[in-house]
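Trainee: Could you work out the structure for the sequence below:
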Amino acid sequence: MTLGLLDGHPLPCTALDARLAALRRGPRSTALPLPGSPEDRQLTRWVAQVLLTEALCEAVATERGLPVAAAGPARLDQQAAVELGSITAAAYEGSAAVRAVYAAVTADVEASADDLAHYRAVTARPPATRWHLARPDGGFEADPDTLPTALAEALRASPPGEWVTVGPWTAMLLATLAVPQNPDPAPALRDAARRAEFVRWLDHERARRLTLVEGLEHPGDPAQPDNHHRH
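Mentor: Residues are numbered from 1 along each chain as shown. Below is the predicted model of the structure:
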């Protein structure tokens, strides 16, 4: 039996049988649908799509001469998995070839200047205030709101560089620091842009190079019921 065609060459179903058997033996076997049920057929189609994605990327990695490290599975965070779609996310996590192709295809992708500007505009926060303080036994930095209220009020009322004693506390305000509260969004936005580009590329390559056997064209996606199963 054939799982599908890659560039016109048949892909046997043995890998599908082995993957399903491994799932049935795995730690999450009790969460899987009953064999023969409609949900089980959906799972079978979903696993087939994962395997086809892996096979496609293995072929691309070979064609491009990409190094495919013999590494264990990777783990995506929830946002990354949603953006990729559960089929592509599963293939990415389980296949070093998929990760190698992802890295190659998205190597030059960057977040746009407009995206960066928009993100900064909607997430901008004023700097946080930190005090550089001295005590008789050494210096430290602190948020004024974390200090004893009486001590903080006395330090505000005194000029910098003057010792203040309030009850059991003695301290000197050396400097007031403004700490930026807006981390650089570029890395996170670049990661999102890379995932979007990989999804576009993969959709194109699937349509161009893969032919699915009847019954596997529209697998459904248990984690993505809103038509993200093609990703």
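Trainee: Report the spatially nearest residue to the residue nearest in space to the middle of the chain, omitting neighbours in sequence.
Mentor: For the chain, the residue nearest the mean C-alpha position is residue 80 (3.2 Å; CA atoms, centre = their mean). Spatially, and ignoring its direct neighbours in sequence, residue 80 is nearest to residue 195 (6.3 Å; CB to CB, 6 or more residues apart in numbering). Just so you know, the C-beta spots here come from the backbone N, C-alpha and C atoms, and that holds for glycine as well.
Trainee: Next, the contact list for that neighbour, please.
Mentor: Applying CB atoms under 8 Å, 6 or more residues apart in numbering to residue 195 gives the contacts 80, 83-84, 106.
Trainee: re the thing from before, so how far is residue 145 from the residue nearest to the centre of the chain?
Mentor: Per CB to CB, to the nearest Å, residue 80 is found 35 Å from residue 145.
Trainee: do residue 119 as well
Mentor: Note on residue 119: its distance to residue 145, by CB to CB, is 28 Å.
Trainee: hang on, the earlier thing: so what's the backbone phi/psi at the residue nearest to residue 80?
Mentor: For residue 195, the backbone dihedrals (degrees, to the nearest 10) come out as phi -60, psi -40.
Trainee: Residue 172 contacts residue 165, doesn't it?
Mentor: No - using CB atoms under 8 Å, residue 172 is not in contact with residue 165; the gap is 10.1 Å.
Trainee: Doesn't residue 21 belong to a strand?
Mentor: No - counting by DSSP: H, G, I helix; E, B strand; the rest coil, residue 21 is not part of a strand but helix.
Trainee: Contacts only, for the closest residue to residue 10 other than its chain neighbours.
Mentor: Computed as CB to CB, 6+ apart, the closest residue to residue 10 that is not its neighbour in sequence is residue 2, at 4.4 Å. Residue 2 makes contacts with 10-13, 213, as judged by CB under 8 Å, 6+ apart.
Trainee: And residue 70, by the same measure?
Mentor: Counted by CB under 8 Å, 6+ apart, residue 70 has contacts residue 96.
Trainee: Please enumerate the helices of the protein.
Mentor: 14-25, 38-64, 78-84, 86-94, 96-105, 113-123, 149-157, 186-209 (DSSP state H).
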